[in-house]
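[1] Below is the structure, and that's it, no one-letter string:
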């Protein structure tokens, strides 16, 4: 049983192992309390398409609350037979998501770091392994964890504004993207582009992101919704069962790798983030962000 | 010993393990009887290049007979010191091969499904692992199993007619390409293109197939033979031994994976194809094809 | 302890496993004697960038002496806290490096072949696994082992002269690139380009090398130094620690594979190169080179 105050873990075979059946509904009782207002979820029952709109200003950062809400919302949709596809997008202008919330990684307890990291893993396991068609409508910049969310979908459409950029820029902050961020990235852009981009911590402006295959297409902002709907309809035209098994075949190895090393990965995160040098750079980075804002 | 009525299996180290020596000639006696008229084989002794022309109208579908004839013909060429390269192409207008013959998968016995699937595996193991230079001259559409045959060659030249398309479109029929179809595809086009194309069951018109790397070049139909000969000559200019070992080094992991899981893969196919829901979709698909024809 | 006359092996955890600390300085005493004049090393202490200029005319071939000098020079820089990046380039006009020195592989003892091959491995393990930023300024042709050196860097800039070519052309000589040459190549250009290029033993003229991703950019010869410096500065702008861990994450699997099979790989090389047929082709090839020169 799950102790109160913790996100229930994925002890069941995760989504990509359950392609042949509707996953059973989990009891929602012993869940962690969380503020249920960072993501707007709308399900269009006629098309079977849900939209998850991130509305956690100023930058949709992936806090523990945000991640918990995301995973629970996604699981509900996964278990809802009326829902076959999910669009993720932002309700905040000019930003898709700024990635992991640094305040969760600064001056907190070991237990907190563990809970936070488990929630990051959970988000990725559920999204990358989703049985639903997942489309990212990237309507703003999307660094680090925000980029990971987009990379974990089946298809990425980005607004063709060269001021919007996307990438796994962890190295710029003096930190290292975990292996499963890297695996997800390599699966999308190939080994060479990933190696160079990860080492440089590159944030690619939209046109460059298209060139490198980080996103699948660019559209003017006013066409984003229409285009996203059209892409979703194209993917939903396929029989669910065959599409799900195919997706699972493509992604299973990478998902299994985190599942097999999940606790180890949490310990790595804790010992990394607990280092005084890392705490210092994160504090400096937060100071810089505050000054920028102020 | 091989019971009569069955294709002798590849119990010897398969072709990609025998690069250092001419493979021994197998006794041809206990072979399965088959109609020896679905593939025209011509060997030009002066160049050492054989052409295998599929002539099984209306659509060169990969029936048990076709596959058996293909594997035996390829094995004979493999064992013929005078033959160093093979071109596969179609004698049927507008179609290279329509892929696996659905009638072999519909309303048949478990034994039949096993025999059929083993013949599909055998075709791929021999073609993907061939020591000879293999070039596909794709002079028509090439869905599913037809695409697999082209992908298994060393080089693919396609007629630049945008009405001709190629792809692993299994998902469109509600079925799933086996893992070794997928592995072969990923080795040619990379992970991302494969993931998207397999999930959508895409059939790519020739120009798009070129763009995605599914084929290596496009030529006008009247130039196909000349161009194929020129490409073959370029590949044959290399010393056989070094080229064969290099090819084996590139393909061995993927070939070994099927060899290690061959019986399991057959059982998977049987239990999949025996499902009433799958039988129903296949029957509906065949009805549709008949109406289209009629 | 290392017997005199042998390059000390990398028994310590190699460079890519030591990203978190400055590697300890090794005693230099029991090293193999070698002619210390084939590579000019200059370290600019202000920028932290060293340049290794190959000056072993006529073609910078990778002899045992050259490889030993290279590995020792690189190790010294690796251990020098003042050095953060290395540029490798050629002081010989029109050639970067012609690759492995064939005279080391012809008519020598088994012990010599073992020592030579170990030195080739050592060069690659140190360069591919270097903690420093490594940039290849490819100012001439770069076949076989020369191409491997360029591929092992973090970034490749080539002079845009179409007469300069680069590639793993071993198959042209009737020999086979070892698996770790292949792994390095696949990591840069992907599986399909590698398969075709390795089987054909292709030497790609600079513009084609750019198209296939073998090099990252082309510049006019007079701009090479300036451009190389700018690229190096861009990479050095990242925090060393995060960049090093990221590089290690990308390259570790391939490095580990050789480390795990190092002795086996040496034995393979010895038994291959000891074959009379191979000795004959190498002798013929050397005769041809001599006539060409003469």
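    Cool, got the structure. Here the structure is a predicted model, which means the values were calculated and not measured.

[2] just checking, residue A:165 touches residue A:206?
    Yes. Using Cβ atoms under 8 Å, residue A:165 is in contact with residue A:206, at 7.1 Å. All C-beta spots, glycine's among them, are computed from the backbone N, C-alpha and C.

[3] I'd say residue A:49 and residue A:87 touch.
    Yes. Residue A:49 is within contact range of residue A:87, at 6.6 Å (criterion: Cβ under 8 Å).

[4] And the helices in chain A?
    A:64-78, A:110-128, A:144-151, A:179-189, A:191-200, A:206-211, A:224-236, A:240-260, A:262-273, A:276-293 (DSSP state H).

[5] out of the ones you listed, deepest packed?
    Stretch with highest mean neighbour count among the helices of chain A: helix A:144-151 (a mean of 27; mean count of other Cβ atoms under 10 Å in any protein chain shown).

[6] and it, what other elements does it pack with?
    Helix A:144-151 makes packing contacts with helix A:110-128, strand A:133-138, strand A:165-167, helix A:179-189 when contacts are defined by 3 or more Cβ pairs under 8 Å, 6 or more residues apart in numbering or on different chains; DSSP states H and E.

[7] again, only this time at 7 Å
    Judged by 3 or more Cβ pairs under 7 Å, 6 or more residues apart in numbering or on different chains; DSSP states H and E, helix A:144-151 is in contact with strand A:133-138, strand A:165-167, helix A:179-189.

[8] residue contacts, the residue nearest to the spatial centre of chain A?
    In chain A, the centroid-proximal residue (Cα atoms, centre = their mean) is residue A:149; its distance is 2.5 Å. The contact partners of residue A:149, taken as Cβ atoms under 7 Å, 6 or more residues apart in numbering or on different chains, are A:88, A:97, A:127, A:136.

[9] Now render those as TSV, adding pLDDT and distance to residue C:234.
    Below are the contacts of residue A:149 laid out as TSV (pLDDT from 0 to 100; distance: Cβ to Cβ, whole Å):
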residue	pLDDT	distance to residue C:234
A:88	98	32
A:97	98	26
A:127	98	32
A:136	98	29
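
[10] Pull the most distant pair out of these.
    Pairwise distances among these were taken by Cβ to Cβ; the largest, 12.2 Å, belongs to A:97 and A:127.

[11] Quick one: distance of stretch A:200-212 to the chain centre.
    18 Å (Cα atoms, centre = their mean, to the nearest Å).

[12] shared neighbours of residue A:49 and residue A:87, anything?
    Contacts common to residue A:49 and residue A:87, judged by Cβ under 7 Å, 6+ apart, are residue A:232.

[13] thinking again about what came up before, mind telling me which of the helices of chain A the model trusts least?
    Across the helices of chain A, the stretch with the lowest average pLDDT is helix A:276-293; it has a mean of 84.

[14] Taking helix C:240-260 as reference, get the angle to that one.
    Per axes from the mean of the first three to the mean of the last three Cα atoms, to 10 degrees, the angle that helix A:276-293 makes with helix C:240-260 is 140 degrees.

[15] ok, and what's touching helix A:276-293?
    Residues contacting helix A:276-293 (Cβ under 7 Å, 6+ apart): A:102, A:105, A:106, A:173, A:174, A:175, A:272.

[16] Kindly report the same for stretch A:223-238.
    A:48-49, A:84-85, A:87, A:133, A:135, A:137, A:139, A:154-155, A:157, A:159, A:219, B:171-172, B:199-201.

[17] Look at the nearest residue to residue A:44 once chain neighbours are set aside and say how many residues are nearby.
    Distances taken as Cβ to Cβ, 6 or more residues apart in numbering or on different chains put residue A:50 closest to residue A:44, at 7.3 Å, once the chain neighbours are dropped. Neighbours of residue A:50 under the rule other Cβ atoms under 10 Å in any protein chain shown: 23.

[18] Wait, residue A:50 touches residue A:83, no?
    Yes. Between residue A:50 and residue A:83 a contact is recorded at 5.1 Å, counting by Cβ atoms under 7 Å.

[19] what's the overlap in contacts for these two?
    Residues touching both residue A:50 and residue A:83 (Cβ under 7 Å, 6+ apart): A:43, A:77.

[20] Please name the residues that touch the residue in the stretch 1-150 of chain A that chain B sits nearest to.
    Closest contact between the stretch 1-150 of chain A and chain B, by Cβ to the nearest Cβ, is at residue A:133 (8.5 Å). When contacts are counted by Cβ under 7 Å, 6+ apart, residue A:133 touches A:84, A:85, A:154, A:232, A:235, A:236.

[21] Identify the farthest-apart pair in those residues.
    Among the contacts of residue A:133, A:84 and A:154 lie farthest apart (Cβ to Cβ), at 12.0 Å.

[22] Could you measure from residue A:163 over to residue A:206?
    Separation of residue A:163 from residue A:206 (Cβ to Cβ, to the nearest Å): 8 Å.

[23] what do you get for residue A:143?
    13 Å.

[24] Leaving out the residues flanking it, which one is nearest to the residue in the stretch 1-150 of chain A that chain C sits nearest to?
    Distance from chain C to each residue of the stretch 1-150 of chain A (Cβ to the nearest Cβ) is smallest for residue A:144, at 12.5 Å. Among residues not flanking residue A:144 along the chain, residue A:99 sits closest, at 3.1 Å (Cβ to Cβ, 6+ apart).

[25] neighbours of that neighbour, just the number please.
    Neighbours around residue A:99, by other Cβ under 10 Å: 23.

[26] Might one say that residue A:53 is in contact with residue A:91?
    Yes. Proximity of residue A:53 to residue A:91 meets the contact threshold set by Cβ under 7 Å, at 4.4 Å.

[27] Now do the shared contacts for the two.
    Contacts common to residue A:53 and residue A:91, judged by Cβ under 7 Å, 6+ apart, are residue A:40.
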